[in-house]
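Peer 1: here is my input; please provide its structure:
(2 chains, ligands or ions: 1)
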Amino acid sequence: MRRFDIVTLDSPNRAPLRIEGFLFGEHHDNAPSVAIVGAMNGDQINQLYVASGLVEYLRRKEEEGKIIGEILVIPAVNPYALNMGEKNWPLDKTDLNMMFPGYDQGETTQRITARLFETLKGYDYGIILEGRRDQGMCLPYVKLIQSGYEDLDAVRDLGMGFVHYRPYEPIETAMLQYNWQLWETNAFAIVFGKNGAIDQSDSDEVHNALIRFLSKRKLLDWPVFEGKKSNILHSQQITLLKASRAGIFIPKVHCGAFVKKGEVIGLIMDALSGEKREKMVAPCEGIVTCQYSHPLIFQNSIAFRIASVEHSSTQERL
Amino acid sequence: MGLIEEVLTIELPVGESFRIQRCRYLPLKGESNKRISVVSGIHGDELEGQYVCFLLGQWLRENPEKIRGTIDIYPAINSLGLDSITRSIPFYGVDLNRTFPGSKNDFLPAQIADGVVEVMRGSDIAVDIHSSNIFLREIPQVRIAKSQEKMLVPLANLLNIDFVWVHDAVTVLESTFAHAMNTIGTKTLVVEMGVGMRLGKAYGHQLLDGLLNLMAHEGILDIDPLDVRFPIQSHVGEVAYLNASSPGLFVPAIEHCQVIEKGSLVGHIVSPLSGEILDDVIAPIGGILFTIRAYPIVYEGSLLGRIFGEKQ
Ligand SMILES: [Zn+2]
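Peer 2: Residues are numbered from 1 along each chain as shown, chains lettered A, B, ... in the order given. Have a look, this model is predicted:
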């Protein structure tokens, strides 16, 4: 293992920023290379945890001589934010994952992402550990955007239950996945966890999926159990259940639950009077892939996302 | 007097609703011929537009007989943010101006964006007033995406601003209010002036004159066009960016945006710890310094200023 600074940046007053990388194995003609990016925001503790756990696992596997290709792990892109409970770059509040591909003559965060991206270019596979961008938590899933450079076969080797495969949105052109794909890295994101927290079972699932991927893609000489068969979900298969009222949100089921049409899956209470404001009823049969995770819910917030085999009438993103 | 209406309400969890209010002015008699929306506070830390809204409202109250069209004033789009010094949509931390056109089915910021578009749909013109952010001070300027240049520059030239900046299209900017409105046929101008969290009275009056002039030309107000300044056009020159070469405290040598010569001193970056001057910030070209840093703490790369000058 080689531990090294990918980006360093002096600060006016605090200790310098260091984005550290952990490099395993070496270039091999018969094995691909992969880079894995952990917490890009300061609330992605789960992503940090999975990435650092992977570093420890790979360190041991390297000592056993089991690593064939080259594997780079970057557990924390934004340690400054992690160290102060911020989500974004602490001075100007820019989201580092909205600054790609970066610009080495530009603003501070563009320079950081430009230097980082120089290191990330050229890998065969790029895996981004992502948190949700809203107040939700979800079953771990793969987010693969359609840019024309994506590789659906590769993501199946993770053995994760759901792959959300969809066109990119305009803002995603400033994110790492899109730009990495443009530079011909097979890039995808694994979205999981609840921001600011660690979920052990989700973390274990993602950890195992990463090891499975490394093994199946012949970077790791180590047998693994088969994972799940991936369901490729398109936006039309996701049904949204929204809160028609704001208040205190009491979910009655959790991510991964199989729900029947008509089943009561959540309640909303008036936050002041305690009266029941809404009984949330599953509009279809399916699996709850995502639920609102804050105890106070806003009107029209998406309380649940339910994935069904059949296409739903409301079309939305996962 | 205008009609004050709540045009968007979204219930909040604890005994309150998020709201957007507008004040609408209509002709005293006869049909309205055109509709304009004057918008501020998409970013909750930008206040210059609130003052412009006040000045315009004050003028319209004093001159109701001049009104020939529908004039809608929306001083506070991100009302939660404005009242709490929060640039983004509170709770979500999302920049509203990266969330357009939004959707009813999505999270609160997207619902707000969608509501804003729906409320303003059908306006002939919209003027979206920003005041940079807390980091930078700007002279009054309008920014226009290259693809909208032909349609919007003639309107921008009426606004009594100092500078029209036509920039290359960036895909990310497809998620702005201006892009969403231009897409549905409302000619939308984005004004940047002043600095975040502060008020500059002179700029407010300057833009008021511009708005009155624009409405005179468009027949929304029955007044003579005003004698306004003609803005510098970005296509005749180039923009040079001054980025900090080292971290430290930026101490400007120039108080306000002004014309400067090539090689002149814009400011210093100094070290409070060692007492050293770390860098002299020198103008790489001559021209008008239309942006200058207002917030002194800088990292490498922090924008210190922008100069518009002749092509080299
Ligand atoms: Zn703004």
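
Peer 1: just the buried residues of the helix or strand harbouring B:Leu278, please?
Peer 2: Using DSSP states H and E, the element containing B:Leu278 is strand B:277-282. Under the neighbour-count criterion of 16 or more other C-beta atoms under 10 Å in any protein chain shown, strand B:277-282 has B:Leu278, B:Asp279, B:Val281 buried. To be clear about C-beta, it is placed using only N, CA and C from the backbone, and glycine gets the same treatment.

Peer 1: measure stretch B:182-202 end to end?
Peer 2: Terminal residues of stretch B:182-202 are spaced 29 Å apart (C-alpha to C-alpha, to the nearest Å).

Peer 1: what of stretch A:97-108?
Peer 2: End-to-end distance (C-alpha to C-alpha), stretch A:97-108: 13 Å.

Peer 1: what comes into contact with it?
Peer 2: With contacts defined as C-beta atoms under 8 Å, 6 or more residues apart in numbering or on different chains, stretch A:97-108 is touched by A:9, A:40-41, A:89, A:91-92, A:94, A:109-117, A:130, A:171, A:174-176, A:178-180, A:182-183, B:98, B:172, B:241, B:243, B:299-303.

Peer 1: now swap in stretch A:224-238 and tell me
Peer 2: Contacts of stretch A:224-238 (C-beta under 8 Å, 6+ apart): A:141-142, A:152, A:155-156, A:158-166, A:208-209, A:211-212, A:215-216, A:289, A:305-312, A:315-318.

Peer 1: whichever of those residues end up buried, select them in ChimeraX.
Peer 2: Per 16+ other C-beta under 10 Å, the buried members of the contacts of stretch A:224-238 correspond to this ChimeraX selection:
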select /A:141,142,155,156,158,159,160,161,162,163,164,165,166,208,209,211,212,215,216,289,305,306,307,308,312,316,317,318
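
Peer 1: can you list the strands that the lowest-mean-pLDDT helix or strand in chain A pairs with?
Peer 2: Here the helix or strand of chain A ranked lowest by mean pLDDT, DSSP states H and E is strand A:136-138, holding a mean of 90. Applying DSSP bridges to the sheet, strand A:136-138 is found paired with strand A:286-292 (antiparallel).

Peer 1: how far off centre is the partner strand?
Peer 2: Relative to its parent chain, strand A:286-292 has a centroid offset of 16 Å by C-alpha atoms, centre = their mean, to the nearest Å.

Peer 1: and the helix or strand that it is followed by, what other elements does it pack with?
Peer 2: Counting by DSSP H and E, the element after strand A:286-292 in chain order, helix or strand, is strand A:296-297. Helices and strands touching strand A:296-297, by 3 or more C-beta pairs under 8 Å, 6 or more residues apart in numbering or on different chains; DSSP states H and E, are strand A:247-251.

Peer 1: right, is the strand it packs on up against chain B?
Peer 2: Yes: using C-beta under 8 Å from any C-beta of the partner chain, strand A:247-251 comes into contact with chain B via A:Gly247, A:Ile248.

Peer 1: stretch B:50-70 close to the ion?
Peer 2: No: with C-beta under 5 Å from the ion as the criterion, the ion is not reached by stretch B:50-70; the gap is at least 12.3 Å.

Peer 1: and that stretch, what's buried?
Peer 2: Neighbour-count burial for stretch B:50-70, counted by 16+ other C-beta under 10 Å, picks out B:50-53, B:55-57, B:60, B:66-70.

Peer 1: between those, which is nearest the ion?
Peer 2: Closest approach between the buried residues of stretch B:50-70 and the ion, by C-beta to the ion: B:Gln50, at 12.3 Å.

Peer 1: and that closest one, what pLDDT?
Peer 2: Predicted confidence (pLDDT) at B:Gln50: the value is 98.

Peer 1: next secondary structure after the helix or strand where it lies?
Peer 2: According to DSSP H and E, B:Gln50 maps onto helix B:48-62. Sequence-wise, the next helix or strand downstream of helix B:48-62 (DSSP H and E) is strand B:70-74.

Peer 1: what residues does the least confident helix or strand of chain A touch?
Peer 2: With contacts defined as C-beta under 8 Å, 6+ apart, strand A:136-138 is touched by A:132, A:191-194, A:199, A:255, A:289-293, A:302, A:305, A:318.

Peer 1: chain B against the ion: which residues are in contact?
Peer 2: B:His43, B:Glu46, B:His130.

Peer 1: assign a three-state SS to the first one, would you?
Peer 2: Yep, that's B:His43 we're talking about. coil (DSSP: H, G, I helix; E, B strand; the rest coil).

Peer 1: all helices for the stretch 101-250 of chain B, in order.
Peer 2: For the stretch 101-250 of chain B, helices defined by DSSP state H, counting those that start in this stretch occupy the ranges B:108-120, B:149-156, B:177-183, B:201-217.
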